[in-house]
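> Output the structure for:
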Amino acid sequence: MMYLSLAVYFALNLLLVQAADLRNGMVAYWPLDEVQGTKTPDIARGYDMNLINLTAADVVTGKWGKAFKFTAARSTMLERENLATDLLSLYTKHTNFTVSLWVNGPPNQQDKRVFSEASTTANQPLFNLGTHNTAADGSVDIYIRNNANQQGGHKFST
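Residues are numbered from 1 along each chain as shown. Just a heads-up that it's a prediction; the model follows:
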(Lines give C-alpha, C1' and ligand atoms only; values in the text may rest on other atoms or scores of the structure.)
Protein backbone atom coordinates (compact mmCIF):
# COMPACT_ATOMS: atom_id res chain seq x y z
CA MET A 1 0.00 0.00 0.00
CA MET A 2 1.21 3.50 -0.76
CA TYR A 3 -0.19 6.81 0.42
CA LEU A 4 0.29 9.82 -1.79
CA SER A 5 -0.38 12.77 0.38
CA LEU A 6 -0.83 16.51 0.25
CA ALA A 7 -0.05 17.58 -3.27
CA VAL A 8 1.45 16.93 -6.64
CA TYR A 9 2.16 20.03 -8.65
CA PHE A 10 4.11 21.40 -11.55
CA ALA A 11 5.80 24.75 -11.21
CA LEU A 12 7.48 26.36 -14.19
CA ASN A 13 10.34 28.78 -13.59
CA LEU A 14 8.94 29.42 -10.14
CA LEU A 15 11.57 31.40 -8.26
CA LEU A 16 9.47 33.23 -5.71
CA VAL A 17 5.91 32.47 -4.68
CA GLN A 18 3.94 34.71 -2.42
CA ALA A 19 2.41 32.79 0.49
CA ALA A 20 -0.99 34.27 -0.37
CA ASP A 21 -1.46 31.98 -3.39
CA LEU A 22 0.75 28.93 -4.01
CA ARG A 23 -0.87 28.46 -7.43
CA ASN A 24 0.92 31.55 -8.79
CA GLY A 25 3.03 30.37 -11.74
CA MET A 26 1.86 26.74 -11.57
CA VAL A 27 0.69 24.79 -14.56
CA ALA A 28 -1.24 22.27 -12.44
CA TYR A 29 -1.91 21.60 -8.76
CA TRP A 30 -3.62 18.46 -7.54
CA PRO A 31 -4.16 18.46 -3.75
CA LEU A 32 -5.26 14.79 -4.09
CA ASP A 33 -7.64 15.17 -1.18
CA GLU A 34 -11.07 14.71 -2.75
CA VAL A 35 -13.12 12.88 -5.35
CA GLN A 36 -15.52 14.70 -7.66
CA GLY A 37 -17.45 12.09 -9.62
CA THR A 38 -14.77 10.05 -11.47
CA LYS A 39 -12.00 12.64 -11.05
CA THR A 40 -9.79 14.46 -8.57
CA PRO A 41 -9.57 18.19 -9.31
CA ASP A 42 -6.67 20.33 -10.45
CA ILE A 43 -7.27 23.63 -8.66
CA ALA A 44 -4.83 25.66 -10.78
CA ARG A 45 -6.20 25.23 -14.33
CA GLY A 46 -8.82 22.49 -14.32
CA TYR A 47 -6.58 19.67 -15.60
CA ASP A 48 -8.47 17.12 -13.49
CA MET A 49 -7.13 13.56 -13.19
CA ASN A 50 -9.27 10.49 -13.84
CA LEU A 51 -9.63 7.90 -11.08
CA ILE A 52 -8.60 4.39 -12.08
CA ASN A 53 -9.90 1.76 -9.64
CA LEU A 54 -10.21 4.49 -7.00
CA THR A 55 -13.30 5.74 -5.14
CA ALA A 56 -14.06 8.25 -2.40
CA ALA A 57 -13.34 5.40 0.06
CA ASP A 58 -9.67 5.65 -0.98
CA VAL A 59 -9.41 9.22 0.36
CA VAL A 60 -7.95 8.74 3.83
CA THR A 61 -6.46 10.81 6.62
CA GLY A 62 -2.99 11.96 5.60
CA LYS A 63 -0.22 13.59 7.59
CA TRP A 64 -1.90 16.96 6.90
CA GLY A 65 -5.52 16.80 5.78
CA LYS A 66 -6.58 14.07 3.36
CA ALA A 67 -4.67 11.88 0.88
CA PHE A 68 -5.29 9.09 -1.63
CA LYS A 69 -4.42 5.53 -0.65
CA PHE A 70 -3.07 3.49 -3.57
CA THR A 71 -2.90 -0.33 -3.62
CA ALA A 72 -1.05 -2.52 -6.10
CA ALA A 73 -3.57 -5.36 -5.74
CA ARG A 74 -6.31 -3.16 -7.25
CA SER A 75 -3.97 -1.39 -9.72
CA THR A 76 -5.12 1.98 -8.41
CA MET A 77 -3.85 5.10 -10.16
CA LEU A 78 -4.65 8.57 -11.45
CA GLU A 79 -4.28 9.42 -15.12
CA ARG A 80 -4.75 12.27 -17.52
CA GLU A 81 -4.28 12.45 -21.27
CA ASN A 82 -3.25 15.96 -22.25
CA LEU A 83 -4.71 17.86 -25.17
CA ALA A 84 -2.50 19.66 -27.69
CA THR A 85 -3.83 22.99 -26.40
CA ASP A 86 -2.94 22.25 -22.72
CA LEU A 87 0.09 23.78 -21.03
CA LEU A 88 0.97 20.19 -20.15
CA SER A 89 2.80 17.90 -21.17
CA LEU A 90 6.18 18.40 -19.64
CA TYR A 91 8.15 16.60 -22.32
CA THR A 92 6.82 18.58 -25.26
CA LYS A 93 6.13 22.02 -23.83
CA HIS A 94 8.83 22.79 -21.28
CA THR A 95 12.57 22.44 -20.87
CA ASN A 96 12.68 23.72 -17.28
CA PHE A 97 10.16 22.44 -14.77
CA THR A 98 9.71 21.08 -11.26
CA VAL A 99 7.70 18.06 -10.19
CA SER A 100 7.10 17.89 -6.47
CA LEU A 101 5.21 15.29 -4.47
CA TRP A 102 4.94 13.74 -1.05
CA VAL A 103 4.81 9.94 -0.78
CA ASN A 104 4.61 7.61 2.21
CA GLY A 105 5.11 3.94 1.43
CA PRO A 106 6.90 0.86 2.69
CA PRO A 107 10.69 0.87 2.15
CA ASN A 108 12.51 -1.04 -0.61
CA GLN A 109 9.62 -1.59 -2.98
CA GLN A 110 10.76 -2.72 -6.41
CA ASP A 111 10.06 -0.45 -9.39
CA LYS A 112 6.82 1.23 -8.26
CA ARG A 113 6.11 4.42 -10.25
CA VAL A 114 4.65 7.37 -8.33
CA PHE A 115 4.75 9.74 -11.33
CA SER A 116 5.12 8.96 -14.99
CA GLU A 117 4.65 10.96 -18.16
CA ALA A 118 4.99 9.53 -21.64
CA SER A 119 3.58 9.61 -25.13
CA THR A 120 0.51 7.49 -25.90
CA THR A 121 1.85 6.76 -29.39
CA ALA A 122 5.51 5.80 -28.78
CA ASN A 123 7.79 4.57 -25.99
CA GLN A 124 9.72 7.83 -25.99
CA PRO A 125 9.98 10.31 -24.48
CA LEU A 126 9.51 9.00 -20.93
CA PHE A 127 9.81 10.70 -17.54
CA ASN A 128 9.47 8.49 -14.42
CA LEU A 129 9.77 8.95 -10.66
CA GLY A 130 9.45 5.91 -8.44
CA THR A 131 11.07 3.41 -6.16
CA HIS A 132 14.46 1.85 -6.90
CA ASN A 133 14.16 -0.45 -9.92
CA THR A 134 15.89 -3.33 -8.06
CA ALA A 135 14.56 -2.48 -4.55
CA ALA A 136 18.20 -2.14 -3.46
CA ASP A 137 17.34 0.64 -1.02
CA GLY A 138 14.76 3.31 -0.27
CA SER A 139 16.06 5.78 -2.86
CA VAL A 140 13.97 7.55 -5.47
CA ASP A 141 14.59 6.25 -8.99
CA ILE A 142 14.50 8.95 -11.69
CA TYR A 143 14.45 7.71 -15.28
CA ILE A 144 14.36 9.96 -18.34
CA ARG A 145 14.36 8.95 -22.03
CA ASN A 146 14.29 11.66 -24.70
CA ASN A 147 12.51 11.90 -28.07
CA ALA A 148 15.43 10.20 -29.84
CA ASN A 149 14.98 7.18 -27.51
CA GLN A 150 18.26 7.99 -25.76
CA GLN A 151 18.43 7.54 -22.03
CA GLY A 152 18.75 11.04 -20.61
CA GLY A 153 19.49 9.81 -17.14
CA HIS A 154 18.78 7.01 -14.70
CA LYS A 155 19.60 8.53 -11.35
CA PHE A 156 18.96 7.56 -7.75
CA SER A 157 18.45 9.93 -4.83
CA THR A 158 20.93 9.88 -1.94
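> On the pLDDT front, check the spatially most central residue of the chain for me.
By C-alpha atoms, centre = their mean, the chain has its centre lying nearest to Phe115, at 3.7 Å. Reported pLDDT at Phe115 in the predicted model: 87.
> What residue, apart from its backbone neighbours, is nearest it spatially?
Leu129 (4.3 Å; C-beta to C-beta, 6 or more residues apart in numbering). Using the backbone N, CA and C atoms, a C-beta is placed for each residue, glycine as well.
> Tell me the secondary structure at that neighbour.
Here Leu129 is strand, with the state taken from DSSP: H, G, I helix; E, B strand; the rest coil.
> for it, which residues make a bridge with it?
Counting by DSSP bridges, Leu129 is bridged to Phe115, Ile142.
> Tell me how far it lies from Met26.
Between Leu129 and Met26 the computed distance is 18 Å (C-beta to C-beta, to the nearest Å).
> ok, now Lys63?
21 Å.
> and if you look at Pro41?
14 Å.
> Surely Ala73 is within a helix?
Yes. Counting by three-state DSSP, Ala73 is found in a helix.
> on that earlier part again, and Lys63 and Met26? Which one has more around it.
More crowded of Lys63 and Met26, by other C-beta atoms under 10 Å: Met26, with 20 against 10.
> Please look at that one and Ala44 and confirm they touch.
Yes. Contact criterion C-beta atoms under 8 Å: Met26 and Ala44 qualify, at 4.7 Å.
> Count the residues that sit near Ser157.
The number of residues packed near Ser157 is 11, by other C-beta under 10 Å.
> got it, and Gly130?
For Gly130, using other C-beta under 10 Å, the count is 18.
> was I right about it contacting Val140?
Yes. Counting by C-beta under 8 Å, Gly130 touches Val140, with 7.3 Å between them.
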